[in-house]
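Engineer: Sequence first, then the predicted structure, then my questions.
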Amino acid sequence: MGPTGLSRTVVAVAVALAGLGGCQSDYRSSSALVASQELAGEYPEAADTAAKALAAAGTDSVSRVIYLLEAGRTAQIAGRIEDSTRYYDTAFEAVLPYLDTEPEARVTEAITTTLVNQTVSEYRGTVTDRIMLNTLQAINRLRLGQPDQARIELNRARAWQQDAVEKAQEEIERSERALSEKAEDEGVPEESLEVPAALRDAYSGLGDLEAYADWRNPFTSWLRGIFLIANASDVGDLGNARFDLREVVAMNPDASPLVDPDLESLELNRFTPSTWVVFMSGLAPRLEEFRLDIPIPVGDVNYVAAAFPVLEPVPDAPAGLRLVVGDQVVEGVLLADVDAMIAADYSRRLPVIVMQEVLSAAIKTVGTWAASQAAGDSGGLVNLAGIIYQAVTTAADLRTWRTLPKFIYAARTSTPPSGTISVRTSDDRLLGTVRVQPSEHNLVVATLPGPAAPQAGIESIRLAPGEPSPPLPPEVDPGSTVPSPSERNPAE
């Protein structure tokens, strides 16, 4: 091929590859807008944006699952429970084949994506995504008065966790072995495939990752435990509730004040109507691209450029949970640090991510150098084509479920005869004064994505079996006051 033909090839390469970044660009634009709307408290607008992005992506999109997760969560925050349930159901159907049947990571895909980048791979949800998907869907089912379906969702969430412990690490190791063999075939030094210190340091400030090893999720275990207390059909349910709540304390000892009263009730087999309150605060971390030169000698080049995903926390989440029930104040606990949960998941998969990206960069560089040598006088044009190819295809996969909460707080109180509970942050910002069903087990869910949001989303759910509770909209009372320390009595 002569210089003119190569020039046409360069143009064709540039045009063809420009589309590779389009899908990720669309996702980043829509997810950034959704996050900004959530932080501003524009919950219906965020739900509309996420739904439109899902529709625009189409049913064949490799990113369809992440669009479904965002659409489900934004609809849930906006109170569009039926829409949220539908989106979550569709997402679950898409990832269900990977529960017990399909491998967690496709080894062949780990190899083939090195030719372009990981953004062209199908997004199937992380283990954390899948556990939270079914856990949040359980809340939807409870809100719709469907306790039997809620039980199924909580069992599915637990099944994802058990499946990950049994299978995910093995799949990660299989991918590592396959990528190592590919690197050896390509002449890429093994030491170049190690996680760079600068990249590992980027994950070090995201909480106690060890607490969430083996994909532990104390929120899921706790929700299943209290659900079984309220909906026990036999002693087996109560035994499972005891196991789940003990598991929460094993994962998070600081949750003892929340869990101990229920464990005591289980031991005594004596229960009184209780109300549990969940506060979902802030937004989960986003992924940003981290570019790094990796020392790999290729021709006259000693380094190749690679791009990696790095978690960036969303700052300033409202902190803490406090309940005011008559003249009593109940302090909540931090039940789950979702940032740390997500970071622990990523850190487990980080070696494979790094190996894919480094190998991808090396293969492209080797290919460009070899082609330029073979082209002789036209080597400059080949180099140009190679530079365009690398520039367009060197990109980290930045897809992540951004509308998950950053922190999950929880508190417990005896259900007050008045049916009124004031829900606040630790610094006494009023999230809402909500009415619950007297003499019943209740679940209250409050959501505030950011401190700038003018109002929290809050809903009261009847947790015990029975007919769906009639709608009880929260009563926001900016004038309510908190008892002074001398007026506070320990809650039951």
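Structural biologist: Everything's here; your move.
Engineer: Let me know the helix or strand that the nearest residue to Leu404 once chain neighbours are set aside is in.
Structural biologist: Nearest non-adjacent residue to Leu404, counting by C-beta to C-beta, 6 or more residues apart in numbering: Ala284, 3.9 Å away. Every C-beta, even on glycine, is put in place using the N, C-alpha and C of the backbone. Using DSSP states H and E, Ala284 maps to neither a helix nor a strand.
Engineer: Tell me how many other residues crowd Ala284.
Structural biologist: Ala284 has 24 neighbours, counted by other C-beta atoms under 10 Å.
Engineer: From Leu321, how far off is it?
Structural biologist: 18 Å (C-beta to C-beta, to the nearest Å).
Engineer: what's the answer for Ser414, then?
Structural biologist: Counting by C-beta to C-beta, the gap from Ser414 to Leu321 is 17 Å.
Engineer: try Ala40
Structural biologist: On the measure of C-beta to C-beta, Ala40 and Leu321 end up 22 Å apart.
Engineer: So between those two, which is more surrounded?
Structural biologist: Set Ala40 next to Leu321 and count neighbours by other C-beta under 10 Å: Leu321 wins out with 27 against 15.
Engineer: In space, what's closest to the more buried one - neighbours in sequence excluded?
Structural biologist: Nearest to Leu321 is Gly332, by C-beta to C-beta, 6+ apart, at 3.1 Å.
Engineer: List the contacts of that neighbour.
Structural biologist: By C-beta atoms under 8 Å, 6 or more residues apart in numbering, Gly332 lies in contact with 258, 277, 279, 320-323, 409-411.
Engineer: picking up where we left off before, OK, contacts around the residue nearest to Leu404?
Structural biologist: Contacts of Ala284 (C-beta under 8 Å, 6+ apart): 314, 338-339, 342, 400-406.
Engineer: closest to Ile81 among those?
Structural biologist: Of all the contacts of Ala284, Ile81 sits closest to Thr403, with 15.6 Å by C-beta to C-beta.
Engineer: what's near enough to touch the closest residue to the closest one other than its chain neighbours?
Structural biologist: Once flanking residues are discounted, Thr403 sits nearest to Arg73: 4.2 Å by C-beta to C-beta, 6+ apart. Neighbour list for Arg73: 50, 84, 136, 401, 403-404 [criterion: C-beta under 8 Å, 6+ apart].
Engineer: now swap in Glu38 and tell me
Structural biologist: Counting by C-beta under 8 Å, 6+ apart, Glu38 has contacts 46, 74, 77, 283, 403, 449-450, 453.
Engineer: if you set the cut-off to 7 Å instead, what comes out?
Structural biologist: Glu38 is in contact with 46, 77, 283, 403, 449, counting by C-beta atoms under 7 Å, 6 or more residues apart in numbering.
Engineer: quick one: which of those has the most company?
Structural biologist: Pro449 (29 neighbours).
Engineer: for Leu323, helix, strand, or coil?
Structural biologist: Reduced to three states with DSSP: H, G, I helix; E, B strand; the rest coil, the structure at Leu323 is strand.
Engineer: What is the neighbour count of it?
Structural biologist: By other C-beta under 10 Å, the residues close to Leu323 number 23.
Engineer: cool, Ala319 as well?
Structural biologist: 16.
Engineer: Name the SS class of the nearest residue to it once chain neighbours are set aside, please.
Structural biologist: The shortest distance from Ala319 to any non-neighbouring residue, by C-beta to C-beta, 6+ apart, is to Ser426 (5.4 Å). State at Ser426, reduced to three classes by three-state DSSP: coil.
Engineer: go on, the one 5 residues further on?
Structural biologist: Classification of Leu431 using three-state DSSP returns strand.
Engineer: Can you tell me how far it is from Ile458?
Structural biologist: For Leu431, the distance to Ile458 - C-beta to C-beta - is 6 Å.
Engineer: Likewise for Val423?
Structural biologist: 6 Å.
Engineer: So which of the two has more stuff around it?
Structural biologist: Shown here are Val423 and Ile458; by other C-beta under 10 Å, Val423 has more neighbours (25 against 22).
Engineer: what's near enough to touch that one?
Structural biologist: Counted by C-beta under 7 Å, 6+ apart, Val423 has contacts 277, 323, 431-432, 434, 444, 446, 458.
Engineer: what's the helix or strand for Val329?
Structural biologist: Going by DSSP H and E, Val329 is in strand 328-331.
Engineer: can you check Asp60 too?
Structural biologist: Going by DSSP H and E, Asp60 is not in any helix or strand.
Engineer: So what does it have for phi and psi?
Structural biologist: Torsion angles at Asp60 (phi, psi; degrees, to the nearest 10) stand at phi -100, psi 0.
Engineer: Any idea how many residues pack against it?
Structural biologist: There are 6 residues near Asp60, going by other C-beta under 10 Å.
Engineer: Would you state the strands of the stretch 201-350 of the chain in chain order?
Structural biologist: Using DSSP state E, counting those that start in this stretch, the strands of the stretch 201-350 of the chain run over 274-281, 286-298, 301-312, 322-325, 328-331, 333-337.
Engineer: Redo these as TSV? Include distance to Leu350 and mean pLDDT.
Structural biologist: Output for the strands of the stretch 201-350 of the chain, formatted as TSV (distance: least, C-beta to C-beta, whole Å; pLDDT from 0 to 100):
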stretch	distance to Leu350	mean pLDDT
strand 274-281	27	97
strand 286-298	12	74
strand 301-312	8	74
strand 322-325	37	96
strand 328-331	36	96
strand 333-337	19	96
